[in-house]
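In: build me a structure from this.
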Amino acid sequence: MAYSEKELEKWLTKFIHNHPHELITVKKLFDYSHISRATWYRHPNIIKRIEKINRTPVTVAIDKNETPSAKTIISSCKNKNELISIVQSLLDEINSLKISLSKSNIQKLQELIFEMKRIINAQKSMIKQLTSQINGDIATKIIPEMSSQEIIENTNIVSFKEQFSSLFEGVD
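Out: Down below sits the predicted model:
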């Protein structure tokens, strides 16, 4: 019996529907449809379509934010090579995410370091200002407003010994 290309196309579509994600061969089509292999081979457009279908990469239907299950991935593969290809692409994606995350983390850490240096410099400036202010307050409270000569003249030996008693221990 002679089959038209349209009829063979229908059988091919039925086969794909009943055997999703399975590698298509003329032998499998023969077993499924009982149409001789020679008939399939006599239609080069059908053979080209089978080859194209077999070469078409597997797509796994998933929701945007959902990770596919292992079962979904495996059932989407026509053969071991496709499974290997999908697993490799997933591993490549994981690696690219790791790299982008580490770059992102480095950028965040650099920004944090810059901000901390800015804060440290502001704190140093504040410490200098407060130290200067404290030193000024101490100088005006401890040493009355006198000239250096007046301070020396007003210092007597007794007050000097009292101020620096540790230096004069055992000396009378």
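In: next, the buried residues of stretch 16-28.
Out: Ile24, Val26 (16 or more other Cβ atoms under 10 Å). The C-beta positions use only the backbone N, C-alpha and C, and glycine is treated the same way.
In: give me the contacts around that stretch.
Out: Contacts to stretch 16-28, defined as Cβ atoms under 8 Å, 6 or more residues apart in numbering, come from residues 12, 15, 32, 37, 40-41, 47, 50, 53-54, 58, 75-79.
In: and it, average pLDDT?
Out: What stretch 16-28 shows for mean pLDDT is 85.
In: thinking again about what came up before, and the contacts of stretch 16-28, which of them are buried?
Out: Judged by 16+ other Cβ under 10 Å, buried ones among the contacts of stretch 16-28: Leu12, Phe15, Trp40, Ile50, Ser76, Cys77, Lys78.
In: need the max-distance pair from the residues you listed.
Out: Spatial extent of those (Cβ to Cβ) is set by the pair Trp40 and Ser76 at 25.5 Å.
In: which of the contacts of stretch 16-28 has the weakest pLDDT?
Out: Val58 (63).
In: quick check: Arg42 vs Lys28, distance?
Out: 18 Å (Cβ to Cβ, to the nearest Å).
In: now Pro68
Out: Counting by Cβ to Cβ, the gap from Pro68 to Lys28 is 26 Å.
In: same question, Gln88
Out: Distance from Gln88 to Lys28, by Cβ to Cβ: 27 Å.
In: check Ile35 too.
Out: 12 Å.
In: could you do Lys128 as well?
Out: Separation of Lys128 from Lys28 (Cβ to Cβ): 85 Å.
In: and if you look at Ile73?
Out: 23 Å.
In: okay, now the unreliable bits of the chain?
Out: The model of the chain has pLDDT under 70 over residues 57-65, 78, 136-161, 163-164, 168, 170-172.
In: hmm, back to that, so which of the buried ones among the contacts of stretch 16-28 is the closest to Leu101?
Out: Ser76 (27.3 Å).
In: surely the closest one touches Ile86?
Out: Yes - when contacts are counted by Cβ atoms under 8 Å, Ser76 is listed as touching Ile86 (7.3 Å).
In: what are the ranges of the helices in this structure?
Out: With DSSP state H as the criterion, the chain has helices at 5-18, 26-33, 37-41, 44-55, 70-76, 80-142, 148-154, 157-163.
In: for Glu169, find the nearest of the ones you listed.
Out: From those, taking Cβ to Cβ, the stretch that ends up closest is helix 157-163, at 10.2 Å.
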